[in-house]
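Q: My questions are about this predicted structure, shown below with the sequence.
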Amino acid sequence: MLDSVLTIRNISLKKGIIIKMLVSAGIIASAVILPLIVHMTLGSSGGTLLMPMYLPVLIGGCVLGWKWGLGAGILSPLVSFLITLAFGNPMPAAARLPYMTVELAVFAAVSGAFSRAIAKNAWMTFPATLMASVSGRIVFLTLAAVFRSVSPLTVETVWSQILTGLPALVAQAVIVPLIVAALSYILKRDTKK
């Protein structure tokens, strides 16, 4: 979606890359700050319940496209882990970090694959969000099954986490499209004059 706006506004490649870097940094910062707020208010179970890191990553994929979204999806849990590790309570936990990194990469890449369609019709964010959420959760479950002999995360634990986070995914399937539609309207508003 952002590529479309940058093209319409005749933004140079160099400026476009700077804009994408700034948007990516904002997405990553949101993916670090939101879980901190949730964990401070609801405790450690709040992360599994509300899945706050997923929201900015989904938005990032839809807005940035699959390449930049993928980068934000991979970096979000890694940056969060490194920052929170410095304070003695890493989020996500070390055992969950590789799974969450791959899962969020899938979320961002799949939602980002819809970016061109979203640029034409912002409501395409609904199927993008649903496909990304389902794909990411399937990958998470598959990784738990494949690495069950070497990982503390069992398939049963992962399935339980998926069920616990299902209401959050449903809420995000509504919230993300509304946010992206609003962003699309704001970004395109000036180009129509």
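A: On my side now, so go ahead.

Q: What ranges does this protein have for its helices?
A: Taking DSSP state H, the helices of the chain run over residues 2-8, 13-42, 45-50, 54-64, 66-85, 97-113, 115-120, 125-146, 155-189.

Q: winner for burial among the ones you listed?
A: The highest mean neighbour count among the helices of the chain, using mean count of other C-beta atoms under 10 Å, belongs to helix 54-64: a mean of 30. Every C-beta, even on glycine, is put in place using the N, C-alpha and C of the backbone.

Q: Mind giving me the packing neighbours of that helix?
A: Contact analysis of helix 54-64 by 3 or more C-beta pairs under 8 Å, 6 or more residues apart in numbering; DSSP states H and E lists helix 13-42, helix 66-85, helix 97-113, helix 115-120, helix 125-146, helix 155-189 as its packing neighbours.

Q: Need these in TSV (columns: distance to residue 49).
A: As requested, the helices and strands packed on helix 54-64 are exported to TSV (distance: least, C-beta to C-beta, whole Å):
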stretch	distance to residue 49
helix 13-42	7
helix 66-85	17
helix 97-113	15
helix 115-120	28
helix 125-146	15
helix 155-189	6
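
Q: export those helices to a markdown table and tack on mean pLDDT and distance to residue 54?
A: Shown next, in a markdown table, are the helices and strands packed on helix 54-64 (pLDDT from 0 to 100; distance: least, C-beta to C-beta, whole Å):
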| stretch | mean pLDDT | distance to residue 54 |
| --- | --- | --- |
| helix 13-42 | 95 | 8 |
| helix 66-85 | 96 | 9 |
| helix 97-113 | 96 | 6 |
| helix 115-120 | 93 | 17 |
| helix 125-146 | 95 | 8 |
| helix 155-189 | 91 | 6 |
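
Q: Could you say which one of those helices comes nearest to residue 1?
A: Using C-beta to C-beta as the criterion, the shortest distance between residue 1 and the helices and strands packed on helix 54-64 is 4.5 Å, found for helix 115-120.

Q: For the closest one, name the packing helices and strands.
A: Where contact means 3+ C-beta pairs under 8 Å, 6+ apart, helix 115-120 is packed against helix 2-8, helix 54-64, helix 125-146, helix 155-189.

Q: for it, the distance to its chain's centre please.
A: Mean-position distance between helix 115-120 and its chain equals 17 Å (C-alpha atoms, centre = their mean, to the nearest Å).

Q: what does it contact?
A: Residues from elsewhere that reach helix 115-120 (C-beta atoms under 8 Å, 6 or more residues apart in numbering): 1-5, 61-66, 69, 124-125, 128, 180, 184.

Q: Could you rerun that using 10 Å?
A: Contact partners of helix 115-120, identified using C-beta atoms under 10 Å, 6 or more residues apart in numbering, comprise 1-5, 7-8, 61-69, 111-112, 123-128, 177, 180-181, 183-184, 187-188.

Q: Columns distance to residue 33 on top of the helices and strands packed on helix 115-120, output as a markdown table?
A: Compiled in a markdown table, these are given as follows (distance: least, C-beta to C-beta, whole Å):
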| stretch | distance to residue 33 |
| --- | --- |
| helix 2-8 | 21 |
| helix 54-64 | 9 |
| helix 125-146 | 21 |
| helix 155-189 | 16 |
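
Q: Thanks a lot, catch you later.
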